[in-house]
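Visitor: Just a sequence and a predicted model for now, questions to come.
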Amino acid sequence: MSFNEIVKYVTQQFVTYVDQPKEQRLASKIERKESKPPLQYHMFGMIPLALSIVWKNSRTKKKEK
């Protein structure tokens, strides 16, 4: 890709973004944020999830006794 093509693409993306109504831009921004996994899972993978499940299971077993 040449520099001119990159500038053209970025300009097109910017214009389509600016042409959208403000409510639609905010809705898409909120949707993107909600679709992301929590930071701890993003940074460390499944380890925090596994530890939280083990922690919850151990707490429920202690309460049952």
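Guide: Right, received. Where do you want to start? Residues are numbered from 1 along each chain as shown.

Visitor: give me the low-pLDDT residue ranges for the chain?
Guide: Along the chain, segments meeting pLDDT under 70 span 64-65.

Visitor: Now do the strands in it.
Guide: Read by DSSP state E, the chain holds no strands at all.

Visitor: Which stretches in it count as helices?
Guide: With DSSP state H, the ranges of helices along the chain come out as 3-19, 22-35, 39-44, 47-64.

Visitor: Now mean neighbour count too, for the ones you listed, in CSV please.
Guide: (C-beta placed from N, C-alpha, C; glycine too.) Shown next, in CSV, are the helices of the chain (neighbours: other Cβ atoms under 10 Å):
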stretch, mean neighbour count
helix 3-19, 9
helix 22-35, 9
helix 39-44, 11
helix 47-64, 10
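
Visitor: For the most centrally placed residue in the chain, grab phi and psi.
Guide: With distances taken as Cα atoms, centre = their mean, K36 lies nearest the centre of the chain, 1.8 Å away. Backbone dihedrals for K36, given as degrees, to the nearest 10, come out at phi -80, psi 140.

Visitor: For E23, give its distance to V15.
Guide: 18 Å (Cβ to Cβ, to the nearest Å).

Visitor: meant to ask about N4
Guide: Counting by Cβ to Cβ, the gap from N4 to V15 is 16 Å.

Visitor: what does M1 give?
Guide: Counting by Cβ to Cβ, the gap from M1 to V15 is 19 Å.

Visitor: same deal with K29?
Guide: Separation of K29 from V15 (Cβ to Cβ): 18 Å.

Visitor: same thing with F44?
Guide: As judged by Cβ to Cβ, F44 and V15 stand 39 Å apart.

Visitor: just R59 next, same as before
Guide: Between R59 and V15 the computed distance is 54 Å (Cβ to Cβ).

Visitor: swap in G45?
Guide: Distance of G45 to V15, given as Cβ to Cβ: 38 Å.

Visitor: Could you do W55 as well?
Guide: Distance, W55 to V15, using Cβ to Cβ: 50 Å.
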